[in-house]
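S.K.: Below is the sequence, then the predicted model.
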Amino acid sequence: MKAGVNAKPFLPVERGNAAGRVLDDLQGRILRAELARGDKLPTEKQLAEAYAVSGATIREATRALAAMHLVEVRHGSGAYVTADSAQLLAMSLNSLIQIERISVPDVLGVLGVLNAHAAELAAARADSQEVDAMQAALDRIASAAEPADVAAGLSDFLDHLGLASRNPLLAALCKFLAGLQIALAHEISKGSMKQWRETTGKLAADRQQLVNAIRAHDVQAAQQHARTYHQRSVEIISALPDASAARLSAEALGNLMGSFARQP
């Protein structure tokens, strides 16, 4: 069976919640990169023999790993390590936001701070290809013919902004929270292309100024433009006809996240 450098061999587990013990061991190996992203897990038969458990126990543990977005089961091929950091973070934040009854303004306030920091780092670190990716996203927004295309372009723009910071944690946080903001705007606008056009059009100049500042490696300007862009976007979302206080409440955010978190 494949194992990373200095990885411990697979050993039989104690009886009593055997699936949980197998799950804990495999999860630990993935988090320690003994089973690296892209690796194929040993077969069900191999794992069952190594852990001295039944095939049903291995299937139960594998299903749990898949639910945690640590592996992906490909029918007819096997289970592969994915360790999707964005999905792992999204699951944790989803739970935290709903348990703590955090409202939309609170979430958007955090996003504003994170985007400003991402812009600051991007201006200092981004290369021409990373800036070109942001510009391509802006062009995609401008040429979009459907609400879904607008949302995809906005998502690409904010994703590339986070990635250009070259801080994986910051990029993952920005991706998740920006996705929530976009989903909220889409819900409030009820998918109206006219409303999407008007909303995104009001922010087009701000987005372009932000990209220009990052391309010029102007850290201070990039940070300021990111703050301005975020503030104006929140103001525009809040001013939409259906953006009542009820839609910005903790309960409304919890309902939105229930559907948002189930998206791939």
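M.R.: Alright, I've got the coordinates.
S.K.: all helices for the stretch 151-264 of the chain, in order.
M.R.: Using DSSP state H, counting those that start in this stretch, the helices of the stretch 151-264 of the chain run over 168-189, 193-215, 219-239, 250-260.
S.K.: Can you lay out those as a markdown table showing mean neighbour count and mean pLDDT?
M.R.: C-betas here are computed from N, CA, C, even on glycine. Listed next are the helices of the stretch 151-264 of the chain as a markdown table, based on neighbours: other Cβ atoms under 10 Å; pLDDT from 0 to 100:
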| stretch | mean neighbour count | mean pLDDT |
| --- | --- | --- |
| helix 168-189 | 20 | 84 |
| helix 193-215 | 18 | 89 |
| helix 219-239 | 18 | 91 |
| helix 250-260 | 16 | 53 |
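S.K.: Mind putting those into JSON lines with distance to residue 54?
M.R.: As requested, the helices of the stretch 151-264 of the chain are exported to JSON lines (distance: least, Cβ to Cβ, whole Å):
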{"stretch": "helix 168-189", "distance to residue 54": "37"}
{"stretch": "helix 193-215", "distance to residue 54": "53"}
{"stretch": "helix 219-239", "distance to residue 54": "52"}
{"stretch": "helix 250-260", "distance to residue 54": "35"}
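S.K.: which stretch among these comes nearest residue 131?
M.R.: Comparison of the helices of the stretch 151-264 of the chain against residue 131 by Cβ to Cβ identifies helix 193-215 as nearest, at 4.7 Å.
S.K.: To residue 33, which of the helices of the stretch 151-264 of the chain lies closest?
M.R.: helix 168-189 (14.3 Å).
S.K.: which strands and helices sit next to that closest one?
M.R.: Secondary-structure packing of helix 168-189 (3 or more Cβ pairs under 8 Å, 6 or more residues apart in numbering; DSSP states H and E): helix 85-99, helix 104-125, helix 147-164, helix 193-215, helix 219-239, helix 250-260.
S.K.: Show residues contacting the fourth one.
M.R.: Residues lying outside helix 193-215 but in contact with it, judged by Cβ atoms under 8 Å, 6 or more residues apart in numbering, are 119, 122-123, 126, 128, 131, 134-135, 138, 141-142, 145-147, 150-151, 154, 157, 161, 164, 185-186, 189, 221-222, 225-226, 228-229, 232-233, 236-237, 240.
S.K.: at 7 Å instead, please
M.R.: 119, 122-123, 126, 131, 134-135, 138, 141-142, 146-147, 150, 157, 164, 185, 189, 221-222, 225-226, 228-229, 232-233, 236 (Cβ atoms under 7 Å, 6 or more residues apart in numbering).
S.K.: Next: the third one.
M.R.: Helix 147-164 is touched from outside by 115, 118-119, 122, 125-126, 130, 133-134, 137-138, 140-141, 144, 170-171, 174-175, 178-179, 182, 186, 191, 193, 196, 200, 207, 214, with contacts defined as Cβ under 7 Å, 6+ apart.
S.K.: so for that helix, what's the average pLDDT?
M.R.: What helix 147-164 shows for mean pLDDT is 92.
S.K.: how about that helix: buried residues?
M.R.: 147, 150-164 (16 or more other Cβ atoms under 10 Å).
S.K.: now, which of these sits nearest residue 32?
M.R.: residue 163 (25.2 Å).
S.K.: Distance check, that closest one against residue 156.
M.R.: Distance of residue 163 to residue 156, computed by Cβ to Cβ, to the nearest Å: 10 Å.
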